[in-house]
Every structure is written in structure tokens, then in C-alpha cells.
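J.: The following comprises the amino acid sequence and a computationally predicted model.
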Amino acid sequence: MKLYIGNKNYSSWSLRPWLLMRHAGIEFEEVKLRLDFSQGSAFRRQLLAVAPIAKVPVLVDDGLVIWDTLAIAEYLAEKFPHLNLWPQGRAARATARSLCAEMHAGFAALRNHFPMNIEASLPDVGAKVLREQPEVVRDVARIGDMWSRALDDSGGPFLFGEFGVVDAYYAPVCTRLRTYGVALPERPQRYAQRMLELDAQRDWNDAAKSEADFLQSDEPYRSERR
Ligand SMILES: N[C@@H](CCC(=O)N[C@@H](CS)C(=O)NCC(=O)O)C(=O)O
């Protein structure tokens, strides 16, 4: 399988399937493309040569092309049923899918104001955003409540017990909390810390830091890398 991804420092959608596969031990070849959404860019040309839309992530498995994070996660869960990428029980699975869908289609304020930026440390920006943007405060509170409830119900250590699609879905939030210095209540905070300490996440972060690629379009808060 080939997984097409964008810059590891910035591409939150790419992180999700990459982390899911890497942590679950699913073998794949990574194809990293430098994010560039401008018309006719190499990023767009290379993706449009394999997929109908020019967005990452894209998974290609023996000629089959899957071009959306949720579709990729569902495909992997079907292809590797023994890995239990979704929770076992039907009720837990339905809840897990609800959480993924909530992220897939929501958290616009959190995503807009706290774009993923793994190598950066921007706690002052984080504090300012939380002072000025009540919708971000609401998103952060919702994350804390959601994670607390899931951890209480499952007993942890991951949201539904074992690591799965939902954890991968919220991995970029864990990196954002650190970048912007945002703290959650104790239990969800510990969960975020555990996620950041996964070997697969560390590998991703190391690669992100070594990219040394500054993309102004993904940097609303900085004009240069420091
Ligand atoms: N819903 C899509 C979102 C993917 C997405 O927006 N990816 C960004 C990079 S993180 C992208 O490739 N954007 C290119 C563009 O908007 O032209 C998914 O889940 O895969």
C-alpha cells in the first residue's frame, strides 16, 4: 500500500491514517508531497495523477484509490479485522464513529485558530485565542468532555480501551494542545500526553521538526520559522 501525505509539520489530515497504520503495524510506503494548493502545483499534479481530487491523504492499495481519511480508516478496519481498529461492541462502535464524524465535519474554530504546527511553540497565541475566541473555548471544552466521558466509559488507556481509529482522529488535537499551550482537565490531559508519547507519534514529530519547511499559508501567526 502507498499512503500519500503532505508536510508532517502541517498536514493534520495526513497524520491520522499514517499514525493509525504505523501504530497498528500495517506496512505501507509513504509518499510525501510538499503542500502547495496553488493551481498547477507539483502537489496538485502528482495527486491528480493518482486520485480524483488533489487532497491528502490518499491510500493506494493494489490499484484501488481511496482519497478521504474516513474512507481510508473504514477500508483498513475492513481489510485488517483482527486489528480491531473500531471497538468491538456495536454501541461503542457507533459512539466511536460519532466522535470521528464530529471531528471530520466539525471543530472549525479549533482547526482555524489552532492549525497544526508541530515544531512551533505558541503558548502566547494560545492564551490570546482563548481570551478572544469563545468558539474555540467551546471546542476545547467539548474535547475535554468527550475524552473524559470516553475514558471513563472504557477505562482507558485509549478512548475506547485499545488504540483505534478515534485516537488517530484526535491525534492532531493532541499536538495542537501542546503547540498552543492549552491545558485540559487532568484525565484528558494525561490521555493527550500518552498520545504524544507513542513511538509512532514521536517518529512523526521528529520528521516534522526535521522538515525545516516554512509554509506561509499554514502560518497565520509567524512570518518566519524560529
Ligand atoms: N476531508 C478530507 C480533508 C483532506 C484535506 O483537506 N487535506 C488537506 C491537507 S491537510 C489538503 O490536501 N488540501 C488541499 C486543498 O485544499 O487544495 C480528508 O479527510 O481526507
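T.: On my side now, so go ahead.
J.: What about D61, how many residues nearby?
T.: By other CB atoms under 10 Å, the residues close to D61 number 15. C-beta: built from backbone N, CA, C; applies to glycine.
J.: Run a quick check on T69 versus P57, I expect a contact.
T.: Yes: in terms of CB atoms under 8 Å, T69 counts as a neighbour of P57; the distance is 6.1 Å.
J.: and for these two, which residues touch both?
T.: Taking CB atoms under 8 Å, 6 or more residues apart in numbering as the contact criterion, the common neighbours of T69 and P57 are 13, 16-17.
J.: In a markdown table: those, plus secondary structure and distance to the ligand.
T.: Rendered in a markdown table, the data for the shared contacts of T69 and P57 read as follows (DSSP: H, G, I helix; E, B strand; the rest coil; distance: CB to the nearest ligand atom, whole Å):
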| residue | secondary structure | distance to the ligand |
| --- | --- | --- |
| W13 | helix | 4 |
| R16 | helix | 8 |
| P17 | helix | 8 |
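J.: ok, and the most crowded of these?
T.: For the shared contacts of T69 and P57, counting by other CB under 10 Å, the largest number of neighbours falls to P17: 30 neighbours.
J.: Would you agree it is in contact with K2?
T.: No: using CB under 8 Å, P17 and K2 do not qualify as a contacting pair, with a distance of 11.6 Å.
J.: which residues do the two both contact?
T.: Common neighbours of P17 and K2 are listed as L59 (criterion: CB under 8 Å, 6+ apart).
J.: Could you list the residues in contact with stretch 13-32?
T.: Outside stretch 13-32, the residues within contact range by CB under 8 Å, 6+ apart are 1-8, 55-57, 59, 69, 72-73, 76, 80, 83, 85, 116, 163-165, 168-169, 171-172, 175, 198-201, 203-204.
J.: Need the residue closest to the centroid of this protein.
T.: Computing the C-alpha centroid of the chain and ranking residues by CA atoms, centre = their mean puts P172 first, at 3.6 Å.
J.: check contacts around the closest residue in space to that one that isn't next to it in sequence.
T.: The spatial neighbour of P172 that comes closest, neighbours along the chain excluded (CB to CB, 6 or more residues apart in numbering), is S12 at 3.6 Å. When contacts are counted by CB under 8 Å, 6+ apart, S12 is found next to 111, 115-116, 172, 175.
J.: and the gap between S12 and A168?
T.: In this structure, S12 lies at 11 Å from A168, with CB to CB, to the nearest Å as the measure.
J.: swap in R16?
T.: 5 Å.
J.: Could you do Y221 as well?
T.: Distance of Y221 to A168, given as CB to CB: 26 Å.
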